[in-house]
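K.L.:
Task: produce atomic coordinates for the following.
(2 chains)
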Amino acid sequence: MKQSKTGTILFVIVNIIFFAFNFVVIPILPNPILFGWLSLHYLLFFGTAPIGSIIWGIYFIRFFARQKDL
Amino acid sequence: MNMYAVLCIAFCGVYGIFMVVQGLANYRKTSGSTETFYNADRGVSTFMLVCSTAVSVFSGLAFYGWPSSSYKLGVGYISGMGAFCVGLEFCVIGYRLWLLGKEYGFTTPIDFLRSRYYSEGYGVFCAVLMVAMIVPYVALQLITIGDGMNVSTKGFAPYMLVVLFACAIICFHVFGGGMKAVAWMDTFNFILGVGTLWVLVVVLVVRNFDGGMVAVFNALKDDPVSYANLGAPGATGYFNIAGVINQALTASVATIVWPHIYSRCYIAKSKKNFEVMAWGLPIGYLMVFSGLILIGTYIAPALLGSGFTQADSIVPYLATNFAPPIISSVAMLCLFAFAISTGESMLLSGTAMVTKDLFIRHRFLLKGKDVDEKKAVRWTRYVVIIMMIAMLIIVWFRPAAIVDYAYKLSSPYFGMVMPATIGGLFWKKGTKQGAWAGTISGCIVVTIGTFFITSLPLGLSAFSWGLIVNAVLYIVVSLATKCPDEIVDKYITRVENYISAGTDVNVIVGNTILASTFRPEQLAAK
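P.N.:
This is a model prediction of the structure:
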């Protein structure tokens, strides 16, 4: 079964936005303290893990479903 | 003897004995073939591969370095996770390497680089470069264990005795069980390391602050340096955009081509491993590094203020001065788990390159002589012992220059095979000449930028500039030269066909030459 080209392009775009946000946007955002202790930068830097996990998980579960196992 | 020493020695002693027994229990199973010894028969399960990969990256330097560096530089240090991109890398890069490994019998990073760039010389160069960095890097793991135990036992455990102990258990474990034992132990180490780390975090907060993390924040908020370190760019201003990119490239993006991580791309049992790595690895990293950074940016500044002079030993210092002895011992166990897992994974990877890529290949295979599998495993075991002795010598004399160069150059030098690896997997025009030009120029730039010209343009690090120069030269020289069609077909077209069509590689490929017996001169003859 062929991989969907649109899905791949969309995946690449989402990743570019994801990494640009991490490397370029977070360092220049203001850094308010949330819940009386948590800095926004700390939350955002680590918050990318579950978000990345969801993005890559969704894409690659579908991707590998189309691959024959060796 | 103080209670800290009693518990630390007891915990670590039991851990060490367990490890040696587990390694030697696999001795017979792994003696028959190099495939079993190096690759665990390419049968490592999904959960084990996630744990093994994650914990192999969390070295003793992570356990020591991340809290102390984030204490000094701030939460921007988290950018060293590179937005947790390793999950993505394993699926994009690792999956192709796995397919090629299955197809051509690749075991080490050198197998792919040598074959893809049809050059014995390039293979030797990369092997020597990696092994030269592995030896001092593993030695550094032993040094962190020695230092950590010394601080955790309040000076009772002598540095050299601890190092000898750690060295012996790593040696026996790898010697006995190869990758089978290492992957199993890594899984155990991951669970142990994450568990003990969070026990330490919780105890430090609950025992020293009345009011949880809000009280921790209140204790540090009036210190301008500690407060500034809660965000980027931090009190020193290091983590601006360039600093974040530098950190991400060095500590995360390039880890996929660290030799012991590279090798893990070959040992997966099935495609399912990669599917789970995509979402599982970021979570595994999160579980560890959020705790380490919490110690460095919140707990340590709240307890010690911002000017603590022994920042490099901040974790054992906090454990021995702000937690009960049993927790200090637990923290020591955590250091053991992280440092030993990285040390033995690197050692195994290094011995595979020395034995298979340098000795066996050049002494026997290229001269047309076959090597008995059992004999190859026996030689590998000898090399394990020889390399451990070399590491002990480094640890014994602890020459500042070697420790310094290992710390500064290991990751950047490992990373210099990254453009050739990615280009080799995805770019049909990548040539041997391009790989040589890129890798060598990258190493030169890294060396100059690290030791001679420390202020580089745009605020980028020596490694970032090394990668840029490396990639540019790789592309330019490759465009000016030509890659043989046979190579393109073997290493790119077939994999792409498989991935896009979901067809069995073996069907497309037909008869192929095993990488371990493939020789560039065959190509030249054609």
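K.L.:
is any part of the helix ranked longest in chain A close to chain B?
P.N.:
In terms of residue count, the longest helix belonging to chain A (DSSP state H) is helix A:40-65. Yes: shown here: helix A:40-65 in contact with chain B (Cβ under 8 Å from any Cβ of the partner chain) through A:40-42, A:45-46, A:48-50, A:52-54, A:56-57, A:59-61, A:63-64. For the C-beta atoms, the positions are set from N, CA and C on the backbone; glycine is no exception.
K.L.:
middle-most residue in the chain, spatially?
P.N.:
Just going to use chain A. Among the residues of chain A, the one closest to the centroid is A:Gly52, at 3.1 Å (Cα atoms, centre = their mean).
K.L.:
wrong chain, I was asking about chain B
P.N.:
By Cα atoms, centre = their mean, the mean C-alpha position of chain B lies nearest to B:Val57, the distance being 4.4 Å.
K.L.:
Contacts made by stretch B:215-234 with the rest, please.
P.N.:
Stretch B:215-234 has contacts (Cβ atoms under 8 Å, 6 or more residues apart in numbering or on different chains) with A:26-27, A:31, A:33, A:36-37, A:39-42, B:70-71, B:73-76, B:79, B:205, B:209, B:211, B:235, B:239-240, B:243-244, B:297-299, B:301-303, B:305-307.
K.L.:
likewise stretch B:324-339?
P.N.:
With contact meaning Cβ under 8 Å, 6+ apart, stretch B:324-339 is reached by B:2-4, B:6-8, B:10-12, B:15, B:55, B:58-60, B:62-64, B:141-142, B:144-145, B:148-149, B:152, B:166, B:189-190, B:192-193, B:196-197, B:199-200, B:203, B:207, B:315-316, B:319-320, B:323.
K.L.:
Restricted to buried residues, select the residues you listed in ChimeraX.
P.N.:
Those of the contacts of stretch B:324-339 that count as buried under 16 or more other Cβ atoms under 10 Å in any protein chain shown are selected in ChimeraX with:
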select /B:4,7,8,11,12,15,55,58,59,60,62,63,64,141,142,144,145,148,149,152,166,189,190,192,193,196,197,199,200,203,315,316,319,320,323
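K.L.:
Helices - which of the contacts of stretch B:324-339 land there?
P.N.:
B:3-4, B:6-8, B:10-12, B:15, B:55, B:60, B:62-64, B:141-142, B:144-145, B:148-149, B:152, B:166, B:189-190, B:192-193, B:196-197, B:199-200, B:203, B:207, B:315-316, B:319-320.
K.L.:
domains of chain B?
P.N.:
By the record's domain assignment, chain B is partitioned as B:3-415, B:416-504 (automatic domain parsing).
K.L.:
JSON lines please, covering those and showing mean pLDDT.
P.N.:
Shown next, in JSON lines, are those (pLDDT from 0 to 100):
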{"stretch": "domain B:3-415", "mean pLDDT": "88"}
{"stretch": "domain B:416-504", "mean pLDDT": "91"}
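K.L.:
Pull up the gap between B:Lys29 and B:Ala181, please.
P.N.:
9 Å (Cβ to Cβ, to the nearest Å).
K.L.:
between these two, which one's more packed in?
P.N.:
B:Ala181 (27 against 16; other Cβ atoms under 10 Å in any protein chain shown).
K.L.:
and the closest residue to B:Asn2 other than its chain neighbours, what are its phi and psi?
P.N.:
With sequence-adjacent residues excluded and distances taken as Cβ to Cβ, 6 or more residues apart in numbering or on different chains, B:Asn2 is closest to B:Lys154, at 5.7 Å. Taking degrees, to the nearest 10, you get phi 50, psi 40 for the backbone angles of B:Lys154.
K.L.:
residues in contact with B:Lys154?
P.N.:
Counting by Cβ under 8 Å, 6+ apart, the residues that B:Lys154 touches are B:2, B:4-5, B:320.
K.L.:
The residue nearest to the centre of chain B contacts B:Ala254, correct?
P.N.:
No: applying Cβ atoms under 8 Å as the test, B:Val57 and B:Ala254 come out as separate, 11.0 Å apart.
K.L.:
Near chain A, which residues of the stretch 151-300 of chain B? Just list them.
P.N.:
Going by Cβ under 8 Å from any Cβ, the residues of the stretch 151-300 of chain B near chain A are B:212-214, B:216-217, B:230-233, B:239-241, B:243-245, B:248, B:270-272, B:274-275, B:278-280, B:282-283, B:285-286, B:289-290, B:293, B:297-298.
K.L.:
what's around A:Ile28, how many residues?
P.N.:
10.
K.L.:
what's near enough to touch it?
P.N.:
A:Ile28 is in contact with B:Ile241, counting by Cβ under 8 Å, 6+ apart.
K.L.:
repeat that with 10 Å
P.N.:
The contact partners of A:Ile28, taken as Cβ atoms under 10 Å, 6 or more residues apart in numbering or on different chains, are B:232-233, B:240-241.
K.L.:
which among those residues end up buried?
P.N.:
Listed as buried from the contacts of A:Ile28 are B:232-233, B:240-241; burial here means 16+ other Cβ under 10 Å.
K.L.:
Considering those residues, which is situated nearest to chain A?
P.N.:
Nearest to chain A out of these is B:Ala232 (Cβ to the nearest Cβ; 4.2 Å).
K.L.:
what's the nearest residue to the residue of the stretch 251-400 of chain B found nearest chain A if we skip its chain neighbours?
P.N.:
Here the residue of the stretch 251-400 of chain B nearest chain A is B:Trp279; by Cβ to the nearest Cβ that distance is 3.2 Å. Sequence neighbours aside, A:Gly57 is the residue nearest to B:Trp279 in space, at 3.2 Å (criterion: Cβ to Cβ, 6+ apart).
K.L.:
what's the answer for A:Phe64, then?
P.N.:
Leaving aside its sequence neighbours, A:Phe64 sits nearest to B:Glu275 (Cβ to Cβ, 6+ apart; 4.3 Å).
K.L.:
Now the element after the strand or helix carrying the one you found, going C-ward?
P.N.:
B:Glu275 belongs to helix B:271-294 when assigned by DSSP states H and E. Once the chain leaves helix B:271-294, the next helix or strand it forms, by DSSP H and E, is helix B:300-304.
K.L.:
Could you list every helix and strand in contact with that following helix?
P.N.:
helix B:60-73, helix B:159-208, helix B:212-220, helix B:224-228, helix B:314-321 (3 or more Cβ pairs under 10 Å, 6 or more residues apart in numbering or on different chains; DSSP states H and E).
K.L.:
list the contacts for B:Gln310?
P.N.:
Here B:Gln310 is in contact with B:68, B:151, B:304, B:316-317 (criterion: Cβ under 10 Å, 6+ apart).
K.L.:
Now it, what are its backbone angles?
P.N.:
Note on B:Gln310: backbone dihedrals following degrees, to the nearest 10 are phi -100, psi 50.
K.L.:
cool, and B:Ala268?
P.N.:
In terms of degrees, to the nearest 10, the main-chain angles of B:Ala268 are phi -60, psi 150.
K.L.:
residues in contact with it?
P.N.:
By Cβ under 10 Å, 6+ apart, the contact list for B:Ala268 reads B:39, B:42-46, B:48-49, B:53, B:90, B:94-95, B:97-98, B:101-102, B:274, B:276-277.
K.L.:
So which of those residues are in helices?
P.N.:
Short answer: the contacts of B:Ala268 in helices (DSSP H) are B:39, B:46, B:48-49, B:53, B:95, B:97-98, B:101-102, B:274, B:276-277.
K.L.:
Can you show me the CA trace of stretch B:102-121 as PDB?
P.N.:
Listed next in PDB are the C-alpha coordinates belonging to stretch B:102-121 (Å, rounded to 0.1, in the frame of the first residue of the first chain):
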ATOM      1  CA  LYS B 102      18.800  -6.900   8.200                       C
ATOM      2  CA  GLU B 103      19.600  -7.000   4.500                       C
ATOM      3  CA  TYR B 104      23.400  -6.800   4.600                       C
ATOM      4  CA  GLY B 105      24.200  -8.000   8.100                       C
ATOM      5  CA  PHE B 106      25.300  -4.600   9.400                       C
ATOM      6  CA  THR B 107      26.400  -4.600  13.000                       C
ATOM      7  CA  THR B 108      28.300  -1.400  13.600                       C
ATOM      8  CA  PRO B 109      28.000   2.200  12.300                       C
ATOM      9  CA  ILE B 110      31.200   1.500  10.300                       C
ATOM     10  CA  ASP B 111      29.500  -1.400   8.300                       C
ATOM     11  CA  PHE B 112      27.000   1.100   6.800                       C
ATOM     12  CA  LEU B 113      29.500   4.000   6.300                       C
ATOM     13  CA  ARG B 114      32.200   1.800   4.700                       C
ATOM     14  CA  SER B 115      29.700   0.000   2.400                       C
ATOM     15  CA  ARG B 116      27.700   3.000   1.400                       C
ATOM     16  CA  TYR B 117      30.800   5.000   0.600                       C
ATOM     17  CA  TYR B 118      32.500   2.000  -1.000                       C
ATOM     18  CA  SER B 119      35.700   2.900   0.800                       C
ATOM     19  CA  GLU B 120      37.800   0.700   3.200                       C
ATOM     20  CA  GLY B 121      39.800   3.800   4.100                       C
END
